[in-house]
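Can you look at this prediction? I've put the sequence above it.
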Amino acid sequence: MKSILLVGPTGAGKTPLGRVFEEKGFHGHKVHHFDFGEELRKISNGQTKVNSELADLVRSILAEGRLLSRKEYYIFISTLKEFLNIRKYKEDDLIALNGFPRDLDQAQFIEDHMEMLCLVYLQVNTEVLYHRLKNDPAGDRKGRWDDTPQLVEKKLKWFYEKNLPLLEYYQKKGVKVLEIPVERDDTGESLYQKFISLSKQRLL
């Protein structure tokens, strides 16, 4: 499967950008936006029917604001397979990955399942990020019980320690990394237009 990986701290705009990818596609390809965090929240609140043991595990993962451990990667695989089955995924389609992989071990694991076409890094400074989390300019934060100050701080710490090294990892593998500067009021549409402009410059 061919994928575009969306990387950025919580609140940067990955989900709104992924939704526009899904609306408009890329280079004539249909794009399926797989927002792993959203899928986990569906399991947690009962929208996706799973056994009680898995539902409890997912709730604990979300409550702790932590990454999946290696023994929990099956959650990603099973959730992705179900998602693609519902979406009637075809071989020429692309997947916009949002929320996995989030560290080097997860990136190595996913290589057996995905061919990464490019990495989109939504680059945002802390002041802008907190403005976006408070004001929700892209309209994707409503009902997010995991946006507490404590969990946001924890997620940011994980992002800079674990997630950001993915840029260098994929660059060394020859994957194009597109850095998109995020501003206070950027929406999914404005981020998508920045991506299209940058991808043309980089001949993606």
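The structure has been received and is ready for your questions.

Helices along the chain, start to end?
Along the chain, counting by DSSP state H, helices occupy 14-24, 36-44, 52-64, 73-86, 104-110, 126-135, 149-158, 166-172, 188-201.

Identify the spatial nearest neighbour of Val128, chain neighbours not counted.
Spatially, and ignoring its direct neighbours in sequence, Val128 is nearest to Arg184 (5.2 Å; Cβ to Cβ, 6 or more residues apart in numbering). Any C-beta I mention is one placed from the backbone N, CA and C, and that applies to glycine too.

could you measure the one you found against Arg70, distance?
For Arg184, the distance to Arg70 equals 37 Å [Cβ to Cβ, to the nearest Å].

between those two, who's got more neighbours?
Neighbours were counted for Arg184 and for Arg70 using other Cβ atoms under 10 Å; Arg184 has more, 12 against 9.

what's the pLDDT at the more buried one?
What the model reports as pLDDT for Arg184 is 94.

For Ile95, give me its contacts.
Taking Cβ atoms under 8 Å, 6 or more residues apart in numbering, we find Ile95 in contact with 1-4, 31-34, 84, 89, 114.

hmm, which of these are the buried ones?
3-4, 31-34, 84, 89, 114 (16 or more other Cβ atoms under 10 Å).

Lowest-confidence one in these?
Met114 (92).

residue contacts, that one?
1-3, 95, 97.

Poorly predicted segments of this protein, please.
Residues of the chain meeting the criterion pLDDT under 70: 143, 145-147, 203-204.

go again using 80 as the cut-off
141-149, 202-204 (pLDDT under 80).

Show the contacting residues for the residue nearest the centre of the chain.
By Cα atoms, centre = their mean, the chain has its centre lying nearest to Asn98, at 1.5 Å. With contact set as Cβ under 8 Å, 6+ apart, Asn98 has these partners: 6, 14-15, 18, 33-37.
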